[in-house]
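Student: Need coordinates for the below:
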Amino acid sequence: MAKFKIKAYLKESYDELKHKTSWPTWSELQSSAIVVSVASLIIALVVFAMDKSLGSLLEQFYKLF
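Tutor: Here you go, the predicted model:
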């Protein structure tokens with residue numbers, strides 16, 4: 001019984017991916033990848049700046065003791 005359910009699930013999944021899903025064009029995919037790359041770089045730079053500034057702040061704080 002479970003074998004038929006798995007087979008039906010796989011058939012329906014394939015049908016949905018093949019006929020009902022809209023896939024992005026190559027240019028849409030490239031522009032999305034660029035947006036994600038730029039956003040990731042900006043977030044990494046912000047985290048780096050926060051890490052360095054808080055590290056310096058804690059270093060100064062620890063020098064007081």
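
Student: going forward, measure contacts and count neighbours with C-alpha atoms only.
Tutor: OK.

Student: sec struct for residue 23, please.
Tutor: Secondary structure for residue 23, judged by DSSP: H, G, I helix; E, B strand; the rest coil, is coil.

Student: how many neighbours does it have?
Tutor: 10 (other CA atoms under 10 Å).

Student: From residue 44, how far out is residue 13?
Tutor: 37 Å (CA to CA, to the nearest Å).

Student: so what pLDDT did residue 1 get?
Tutor: Here the pLDDT value assigned to residue 1 is 66.

Student: next one: the one 4 residues further on
Tutor: On pLDDT, residue 5 comes in at 90.

Student: Does it lie in a helix or a strand, and which?
Tutor: Assigned by DSSP states H and E, residue 5 belongs to helix 2-15.

Student: any idea how far that helix is from the chain center?
Tutor: Centroid displacement of helix 2-15 relative to its chain, using CA atoms, centre = their mean, to the nearest Å, is 29 Å.
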